[in-house]
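Asks: sequence first, then the predicted structure:
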Amino acid sequence: MKFKPANKIQDLQYFGEFGGVNPSISDSSTYTFLSAKTMFDTFEGNADGCYLYSRHSSPTNLYLGEALAALEGTETATVTASGMGAITPVLLQLCDSSEHIVSSRTIYGGTYAFLKNFAPRLGISTSFVDITKLDIVEAAITPKTKVLYCESVSNPLLEIADIKSLAELAKKHNLKLVVDNTFSPLSISPAVLGADVVIHSLTKFINGSSDTVGGVVCGTQEFIDQLRNVNDGAAMLLGSTMDSLRSASVLKNLRTLHIRMQQHSHNAMYLAEKFENDGLKTVYPGLASHPSHHLFSSMMNEKYGFGGMLTIDVGSLEKANELMELMQERNLGYLAVSLGFYKTLFSAPGSSTSSEIPEDEQKEMGLSDGLIRFSIGLDADIKRTYQMMKDCMIELDILKPELV
Ligand SMILES: Cc1ncc(COP(=O)(O)O)c(C=O)c1O
């Protein structure tokens, strides 16, 4: 049976306290108990439906968590104050000192920096590998390895992880497969393909309005309970809890995710085809020239396309900067990091979101100076946008004017 995540979200029915069509917001940090015994039971984790303290859980966060678990097809989920606030507790929950992680080498710069520079302070080491080469991934696994970590669609190189095969590898070696699905909500459902834990930075497509940071961990009830355990749960103890007011607003934005993803994908596909046709080095999983186009097609849910992210290479950082400044001046989007906004966002990852990765390693993984990462917006008239972008490129000598 085909997995239809948007239907799962559509089918959730929450009523507010007074019959409102949106659930009421629980604007409290702490909760009362009618008896001291129930408070004790709640601390012990034995009083379902009772709330203790909002760093642990709150009704509003549970509503959003439930909706995101429906999106990813997991038993449950817990929301966090940011994407990094989801990633770091998961890895610290799964790994003890002296243990090891095998991670894709093309991941968000902050995650890379955490694994490379911070986790070793706690005795956790990481091998960074080319995630598209399963033999290399397997060869990096040691008896100390606990986690296999990747992004479904990697930031910024848009490499695609073969989640089914990685899940088999994880099972074979008794590891947990943790997948960051930030770039491909709805399109790819990692848990359905075998991942143990799915993470999102809600900051991006899921919230979609670039007005907050947020994160989520989707997984089994057992794992999420572990993360929230009052004695040794990394989410509970590190305290990266989302605020209830924010949770409520993210939930409202989630309702339109399926429409937005269709438009992001439609626009990105249009531009990618045009740019490639114009002779620009273009990377987009929807293009037949993408090395993992067929893999993406084999994993994707119907309707949501290949996502809103694409890259082009304009040869040098100088050209990339000139183009981005000109496109911003012409109101084609913003020179800004992040993704998933209604307007197109563009940045040169080598000097921004991936600057944590040393230059020699950037070169080795194919992250060139002239690379521009685009998060394509919801533009109503993408043909007009394309023409205006092309005009910028001709003006800067990145493209030659067409001979007529
Ligand atoms: C793929 C990916 N994962 C995680 C993060 C971190 O999320 P946040 O900025 O919400 O902490 C980002 C942020 O850019 C990202 O692109």
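Replies: That came through fine.

Asks: and residue 168, what does it touch?
Replies: residue 194 (C-beta atoms under 8 Å, 6 or more residues apart in numbering). C-beta coordinates here come from the backbone N, C-alpha and C atoms, glycine included.

Asks: for it, what is the enclosing helix or strand?
Replies: Under the criterion of DSSP states H and E, residue 168 resides in helix 163-172.

Asks: number of residues surrounding the closest residue to residue 29 other than its chain neighbours?
Replies: Nearest-residue entry for residue 29: residue 54, 4.8 Å, with adjacent residues in sequence omitted and distances by C-beta to C-beta, 6 or more residues apart in numbering. Neighbours of residue 54 under the rule other C-beta atoms under 10 Å: 20.

Asks: surely residue 54 meets residue 244?
Replies: Yes: with contact defined as C-beta atoms under 8 Å, residue 54 reaches residue 244; the gap is 6.7 Å.

Asks: ok, the nearest residue in space to residue 123 that is not next to it in sequence - how many residues close by?
Replies: Using C-beta to C-beta, 6+ apart and skipping the chain neighbours, the partner closest in space to residue 123 is residue 97 (3.3 Å). As a burial measure, residue 97 scores 9 neighbours (other C-beta under 10 Å).

Asks: measure residue 97 to the ligand for me?
Replies: Remark: distance between residue 97 and the ligand (C-beta to the nearest ligand atom, to the nearest Å) = 24 Å.

Asks: next, the contact list for that residue, please.
Replies: With C-beta under 8 Å, 6+ apart, residue 97 has these contacts: 122, 123, 124.

Asks: for the first one, what are its contacts?
Replies: Looking back up the chat, that one is residue 122. Residue 122 neighbours (C-beta under 8 Å, 6+ apart): 92, 97.

Asks: try the second one
Replies: Going by C-beta under 8 Å, 6+ apart, residue 123 touches 96, 97, 98, 99.

Asks: try residue 310
Replies: 158, 268, 271, 272, 275, 282, 283, 284, 373, 374, 376.

Asks: assumed residue 39 was part of a helix.
Replies: Yes: assigned with DSSP: H, G, I helix; E, B strand; the rest coil, residue 39 falls within a helix.

Asks: doesn't residue 32 make contact with it?
Replies: No: with contact defined as C-beta under 8 Å, residue 39 does not reach residue 32; the gap is 9.0 Å.

Asks: the two - which one has more neighbours?
Replies: The neighbour comparison of residue 39 against residue 32 (other C-beta under 10 Å) goes to residue 39, with 16 against 8.

Asks: quick one: secondary structure of the nearest residue to that one once chain neighbours are set aside?
Replies: The shortest distance from residue 39 to any non-neighbouring residue, by C-beta to C-beta, 6+ apart, is to residue 33 (4.2 Å). Recorded secondary structure, residue 33: coil (three-state DSSP).

Asks: need the pLDDT of residue 193.
Replies: Listed pLDDT for residue 193 reads 98.

Asks: how much space separates it from residue 303?
Replies: Residue 193 sits 17 Å away from residue 303, taking C-beta to C-beta, to the nearest Å as the criterion.

Asks: looks like residue 240 contacts residue 79 (just checking).
Replies: No: Residue 240 lies out of contact with residue 79 (C-beta under 8 Å); the separation is 9.7 Å.

Asks: of these two, who's got more company?
Replies: residue 79 (33 against 20).

Asks: quick one: the more buried one and residue 212 touch, right?
Replies: No: with contact defined as C-beta under 8 Å, residue 79 does not reach residue 212; the gap is 11.4 Å.

Asks: where do the contact lists of those two overlap?
Replies: Counting by C-beta under 8 Å, 6+ apart, the contacts common to residue 79 and residue 212 are 202, 250.

Asks: now residue 229. Nearest residue, chain neighbours left out?
Replies: That would be residue 236: by C-beta to C-beta, 6+ apart, it lies 6.2 Å from residue 229.

Asks: which helix or which strand is home to that neighbour?
Replies: helix 234-238.

Asks: off-centre distance for that helix?
Replies: 21 Å (C-alpha atoms, centre = their mean, to the nearest Å).

Asks: that one packs against which elements?
Replies: Applying 3 or more C-beta pairs under 8 Å, 6 or more residues apart in numbering; DSSP states H and E, we find helix 234-238 packed against helix 84-94, helix 221-228.

Asks: and the longest one, does that touch the ligand?
Replies: Yes: contact of helix 84-94 with the ligand (C-beta under 6 Å from any ligand atom) involves residue 84.

Asks: residues from the protein in reach of the ligand?
Replies: 82-84, 108, 110-111, 151, 155, 180, 182-183, 201, 203, 213, 215.
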